[in-house]
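K.L.:
below: sequence and its predicted model.
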Amino acid sequence: MTLQLHQPDGEGGLAPRTETPRDWRTQLRSPRWHVAPLANREMNPTRTWVAVLFWLALGALTFALLIAGYGSGFWK
């Protein structure tokens, strides 16, 4: 048995769910305490241009490191 298919019956046992929620966000809410939906307020998405710039800079740094390593004879 899983809690996806069963819910607490109030007497210490589990009872089958009779209804299926239309909105998945309602599953993030606690039916016991009727609290607000869980949201990650600390998450701020990275801007696309910043992410692209980061990966380009990381690639350029890696390439420069490889060129310097092979050019100096560090890797033979």
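P.N.:
Arrived safely. Numbers count the residues shown, from 1 in each chain.
K.L.:
residue ranges in this protein under the pLDDT threshold?
P.N.:
Applying pLDDT under 70 to the chain picks out residues 1-5, 19-21, 23-41.
K.L.:
hmm, 50 instead?
P.N.:
1 (pLDDT under 50).
K.L.:
can I get the CA coordinates of stretch 54-73 in CSV?
P.N.:
As requested, the backbone C-alpha atoms of stretch 54-73 are provided in CSV (Å, rounded to 0.1, in the frame of the first residue of the first chain):
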residue,chain,number,x,y,z
PHE,A,54,29.1,30.8,-17.6
TRP,A,55,29.4,27.7,-19.8
LEU,A,56,31.2,29.6,-22.5
ALA,A,57,33.7,31.0,-20.0
LEU,A,58,34.2,27.5,-18.4
GLY,A,59,34.8,26.0,-21.8
ALA,A,60,37.3,28.8,-22.7
LEU,A,61,39.1,28.3,-19.4
THR,A,62,39.3,24.6,-19.9
PHE,A,63,40.6,25.0,-23.4
ALA,A,64,43.2,27.5,-22.2
LEU,A,65,44.3,25.2,-19.5
LEU,A,66,44.7,22.3,-21.9
ILE,A,67,46.7,24.4,-24.4
ALA,A,68,49.0,25.7,-21.6
GLY,A,69,49.4,22.2,-20.2
TYR,A,70,50.4,20.6,-23.5
GLY,A,71,52.4,23.7,-24.6
SER,A,72,54.5,23.6,-21.4
GLY,A,73,55.1,19.9,-21.6
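K.L.:
and for that stretch, what's in contact with it?
P.N.:
With contact meaning CB atoms under 8 Å, 6 or more residues apart in numbering, stretch 54-73 is reached by 74-75. For the C-beta atoms, the positions are set from N, CA and C on the backbone; glycine is no exception.
K.L.:
redo that, cut-off 10 Å
P.N.:
46, 74-76 (CB atoms under 10 Å, 6 or more residues apart in numbering).
K.L.:
quick one, which of these are buried?
P.N.:
Among these, none scores as buried (criterion: 16 or more other CB atoms under 10 Å).
K.L.:
now, which of these sits nearest Ala15?
P.N.:
For the contacts of stretch 54-73, the residue nearest Ala15 by CB to CB is Thr46; the value is 43.8 Å.
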